[in-house]
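J.: Just to be clear, the model below is a prediction. Sequence and coordinates:
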Amino acid sequence: MLNTIMIKLCGLVLGSPLKDTQCGFKIWSRQAAQVVFPSQHLERWAFDLEVLFLSFKHLVPVSEMAVCWQDVEGSHLNVVDASSQMIRDMLLIRILYFLGVWRVND
């Protein structure tokens, strides 16, 4: 249930048309990466949300593809901490770009 809420929140806050921003791999062409990554500011948990946000702003095509995934035993994630950090970073992305503190073409 928390995953569903986070997916919907990502879509609302970042304007993402993707069904799930946290599932699967993210791959950019060299040309797209050279356009998108120089503007990236976050170096935390939600860096990929900012990069997707920048991709949308730069009109870089983004699509979802299924990936077969197996969890590795011993891998741990505190869902509450990770979710609160992601919500904070989503809001930072939206607010700092809106206020012009961060710019899409930095």
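T.: Okay, I see it.

J.: Just list the residues touching residue 67, thanks.
T.: Residue 67 is in contact with 23-25, counting by Cβ atoms under 8 Å, 6 or more residues apart in numbering. (Glycine included, C-beta is placed from N, CA and C.)

J.: what pLDDT does it get?
T.: At residue 67, the pLDDT value in this model is 80.

J.: Over to residue 82?
T.: pLDDT, residue 82: 84.

J.: Next one: it from residue 3, what distance?
T.: 11 Å (Cβ to Cβ, to the nearest Å).

J.: More neighbours: those two, which one.
T.: Between residue 82 and residue 3, residue 82 has the larger neighbour count (other Cβ atoms under 10 Å), namely 15 against 12.

J.: what packs against the lengthiest helix in the chain?
T.: Secondary structure of the chain per DSSP state H: the longest helix is helix 79-99. Here helix 79-99 touches helix 2-14, helix 47-57, going by 3 or more Cβ pairs under 8 Å, 6 or more residues apart in numbering; DSSP states H and E.

J.: Go ahead and name everything in contact with it.
T.: With contact meaning Cβ under 8 Å, 6+ apart, helix 79-99 is reached by 2, 6, 9-10, 13-14, 41-42, 44-46, 49-50, 53, 57, 102-104.

J.: Thanks again, I'm all set now.
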